[in-house]
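Student: Build me a model:
(chains A and B)
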Protein chains: 2
Amino acid sequence: MPELRPVTEIRTVACIGAGVIGAGWAAYFLSRGLRVRAWDPAPDAGEKLRRVVDAAWPALTELGLADGADPGAIELLPTVAEAVEGADFVQESAPEDLALKRSLLAELAAATAADVVVASSTSGFPMTDMATDAADPGRLVVGHPFNPPYLIPLVEVVGGEKTEAWVASRAADFYRHIGKSVIEMDRELPGFIANRLQEAIWREALHMVAAGEATPEEIDRSITDGPGLRWPVHGPCLTFHLAGGQGGMAHMLDHFGPSLKAPWTRLEAPELTPELRDDMVAGAEVSAGGRPMAELVAERDRAVIAVRRAVDAARAAGGAGA
Amino acid sequence: MPELRPVTEIRTVACIGAGVIGAGWAAYFLSRGLRVRAWDPAPDAGEKLRRVVDAAWPALTELGLADGADPGAIELLPTVAEAVEGADFVQESAPEDLALKRSLLAELAAATAADVVVASSTSGFPMTDMATDAADPGRLVVGHPFNPPYLIPLVEVVGGEKTEAWVASRAADFYRHIGKSVIEMDRELPGFIANRLQEAIWREALHMVAAGEATPEEIDRSITDGPGLRWPVHGPCLTFHLAGGQGGMAHMLDHFGPSLKAPWTRLEAPELTPELRDDMVAGAEVSAGGRPMAELVAERDRAVIAVRRAVDAARAAGGAGA
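Tutor: Numbering: from 1, shown residues only, chains lettered A, B, ... in the order given. Next up, the predicted model:
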């Protein structure tokens, strides 16, 4: 393990690939007061990058810029080698093409110093599969953001078989330092965590449309006007903790457990073993942060009201401007 | 079909069952200026009902009360027969117990006039299964709300095999009249629409915990800090329309279609036939309401910022008060 400067001394980030995700990352890094060196092979990459940063800047300003944040502190370089020159951290956001990712990550590992983390925005490939061409794969790690990376806090961090332990930790520390919500996974899992959950919804939705059971508009509205209003404040586990009333998750599982066997989705449920039950009950307590049910209910209600108003206002603003 | 007064003349609603859902409905009906006649066999039903209505009232006041809304316009009656006396609409929210629902719905159908709709809040039973004991099942329909019914707008309406067509229409009209977002389904489907989607997430989450792949806290945070921030404004279909960039849903399906075969969740995807592709593309256009991509992106960004702030404020308010 190399000697590492504190993450506060990471001042320059290389953004390799400047499509929707790469440019969104660039805008976010700039808003945190970092300098960005970008590379992208598209002939109009410069214009597109500028457009994304300019479009994101008002939003980022509203959320609060770091001292010294400068939307102009970005440079598009003609080669990968030049882009990573002097970069303290690399964020790769190339298209989801395994062969392309392999050669690009190998090049990035070779071109960067021993203390530079190379993180990939891949939404699905495990690093073990992407790192096969790299002579030195130890500094390659997945740092998976959500679209748009300048607004959605979540970043999932997970290394491959050959990723060194300090690399995943440093990537997580850096992302946390710049205000991200980080989940460090201890194993490679197709789709990581959030995309697995999102994909389960998406596949059930596709099945329903294919079977003529619901239209895409009904599916969308069933979420935006239904459970989607709760999910920004309480995730699926805490939501069901509240559904159990005073008895919380334990009551919910003990009483509604049988509905797991009902054909309420095409996804088969796991066996609700005593161990799984206890893990869910203990986990719900962690999500609840020890707060009593009445406080959680009050929080949910405040949040749902505020979210409904926020969404109504955001929609109305578009209507007024159109 | 009986002669029907306009839904604006529905002035009194009977709430049969006054647990979390029934009492939540009662609070909502009161906020719309309706009178409520409630029944519940629990010895402390009156206190509980009062507590839910009182707890919900500040939220309902903030969202805007109808003229004449009165939190005191509610009466707890000792029998079902007395509760439905003079009621123009019945909302049944008894526990999810099929035998209980069957006998209660039979009693409600027998005790109400020919122009009164009897809607069930069931979260899973098809009306065809619940109506078996009723001598006259024509006026029985599902009107499935989301918790808490006084804040979440969605209501799914679907009849059973013997439900008369005017009954589902009238239930939908009434719910819309009092400000609900209604989805009228044309067939009985286990879990309706939103619960199927929610259940798909929940089952994948349970599998992940059972396999040690993620903790409940990580699952919750992956949603609240990730895709959950987008879902109050854009449902799953519109979200993926935006993920396709300028090409929208068509681009998304044509380019990321292969990831449907990836093991990103335990739910198998349907075959992406040309018909399903075209249905999704056309459906996304409906969800988008013909608005151009830039406007949708701007709407999403405004909404995500506002939702993040709303949730932060709701959480902080709890911390301050605790």
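Student: Distance-wise, check A:Ile201 relative to B:Lys162.
Tutor: 33 Å (CB to CB, to the nearest Å). Every residue, glycine included, has its C-beta placed from N, CA and C.
Student: out of these two, which sits in the more crowded spot?
Tutor: The residue with more neighbours, out of A:Ile201 and B:Lys162, is A:Ile201; 27 against 16, by other CB atoms under 10 Å in any protein chain shown.
Student: what mean pLDDT does the strand or helix carrying that one have?
Tutor: A:Ile201 is part of helix A:194-210, with elements assigned from DSSP states H and E. Mean pLDDT, helix A:194-210: 96.
Student: State the next helix or strand along the chain beyond it.
Tutor: helix A:216-224.
Student: Could you name the helices and strands sitting against that following helix?
Tutor: Other helices and strands packing on helix A:216-224, by 3 or more CB pairs under 8 Å, 6 or more residues apart in numbering or on different chains; DSSP states H and E, are helix A:194-210, strand B:154-159, strand B:181-184, helix B:194-210, helix B:236-243, helix B:274-288.
Student: where does the spatially closest residue to A:Pro190 that is not a sequence neighbour land on pLDDT?
Tutor: Excluding the flanking residues, the one nearest A:Pro190 by CB to CB, 6 or more residues apart in numbering or on different chains is B:Pro263, at 4.8 Å. pLDDT, B:Pro263: 87.
Student: tell me the SS of B:Pro263?
Tutor: Per DSSP: H, G, I helix; E, B strand; the rest coil, the secondary structure class of B:Pro263 is coil.
Student: now do A:Ala42
Tutor: A:Ala42 ends up coil, using three-state DSSP.
Student: what about the residue nearest to it when sequence neighbours are not counted, distance to B:Gln246?
Tutor: With CB to CB, 6+ apart as the criterion, A:Ala42 has its nearest non-adjacent residue at 7.0 Å, and that residue is A:Lys48. Going from A:Lys48 to B:Gln246 by CB to CB gives 11 Å.
Student: ok, now A:Arg221?
Tutor: 25 Å.
Student: did I read that right, A:Val36 in a strand?
Tutor: Yes: counting by three-state DSSP, A:Val36 falls inside a strand.
Student: what sits against the spatially closest residue to it that is not a sequence neighbour?
Tutor: Excluding its sequence neighbours, the residue lying closest to A:Val36 (CB to CB, 6+ apart) is A:Ile74, at 4.3 Å. The contact partners of A:Ile74, by CB atoms under 8 Å, 6 or more residues apart in numbering or on different chains, come to A:Ala26, A:Leu30, A:Arg35, A:Val36, A:Arg37, A:Ala38, A:Leu49, A:Val53.
Student: Nearest to chain B among those residues?
Tutor: A:Val53 (13.3 Å; CB to the nearest CB).
Student: burial of the closest one, as a residue count?
Tutor: Neighbours around A:Val53, by other CB under 10 Å: 24.
Student: pLDDT score for it?
Tutor: So, for A:Val53, pLDDT stands at 96.
Student: So it sits against A:Leu30, correct?
Tutor: Yes: A:Val53 is within contact range of A:Leu30, at 6.5 Å (criterion: CB atoms under 8 Å).
Student: shared neighbours of these two, which are they?
Tutor: A:Pro71, A:Ile74.
Student: Surely A:Gln194 and B:Gly226 touch.
Tutor: Not quite, residue A:194 is Ala, not Gln. Yes: if you go by CB under 8 Å, A:Ala194 and B:Gly226 touch, sitting 4.2 Å apart.
Student: what is in contact with those two at once?
Tutor: Counting by CB under 8 Å, 6+ apart, the residues touching both A:Ala194 and B:Gly226 are A:Phe146, A:Leu154.
Student: could you give me the average pLDDT of stretch A:32-43?
Tutor: Taken as a whole, stretch A:32-43 carries a mean pLDDT of 98.
Student: ok, how many other residues are close to the residue nearest to A:Pro190?
Tutor: B:Pro263: 12 surrounding residues under other CB under 10 Å.
Student: Grab the nearest non-local neighbour of the residue lying farthest from the centre of chain A.
Tutor: In chain A, A:His255 marks the outermost C-alpha relative to the chain mean, sitting 33.7 Å out by CA atoms, centre = their mean. Nearest non-adjacent residue to A:His255, counting by CB to CB, 6+ apart: A:Gly244, 7.7 Å away.
Student: and what of A:Ser169?
Tutor: Nearest to A:Ser169 is A:Glu184, by CB to CB, 6+ apart, at 7.7 Å.
Student: same check, this time on A:Leu34
Tutor: A:Val13 (5.4 Å).
Student: How about the one you found: which residues does it bridge to?
Tutor: Going by DSSP bridges, A:Val13 is paired in beta bridges with A:Val36, A:Phe89.
Student: Quick check: the gap between it and A:Val90.
Tutor: On the measure of CB to CB, A:Val13 and A:Val90 end up 7 Å apart.
Student: what's the answer for A:Asp44, then?
Tutor: 23 Å.
Student: Between those two, tell me which one has more neighbours.
Tutor: A:Val90 (26 against 9).
Student: wait, doesn't the more buried one sit right on A:Ala14?
Tutor: Yes: between A:Val90 and A:Ala14 there is a contact under CB under 8 Å: 4.6 Å.
Student: what do these two both touch?
Tutor: Common contacts of A:Val90 and A:Ala14 (CB under 8 Å, 6+ apart): A:Val84.
Student: rewinding a little: ok, now which ones touch the residue nearest to A:Leu34?
Tutor: With CB under 8 Å, 6+ apart, A:Val13 has these contacts: A:Trp25, A:Phe29, A:Leu34, A:Arg35, A:Val36, A:Arg37, A:Ala87, A:Asp88, A:Phe89, A:Val90, A:Gln91.
Student: hmm, the worst-scoring helix or strand of chain A on mean pLDDT in reach of chain B?
Tutor: Lowest by mean pLDDT, DSSP states H and E among the helices and strands of chain A is helix A:293-321, with a mean of 86. Yes: Helix A:293-321 lies within reach of chain B by CB under 8 Å from any CB of the partner chain, at A:295, A:297-311, A:313-315, A:317-318.
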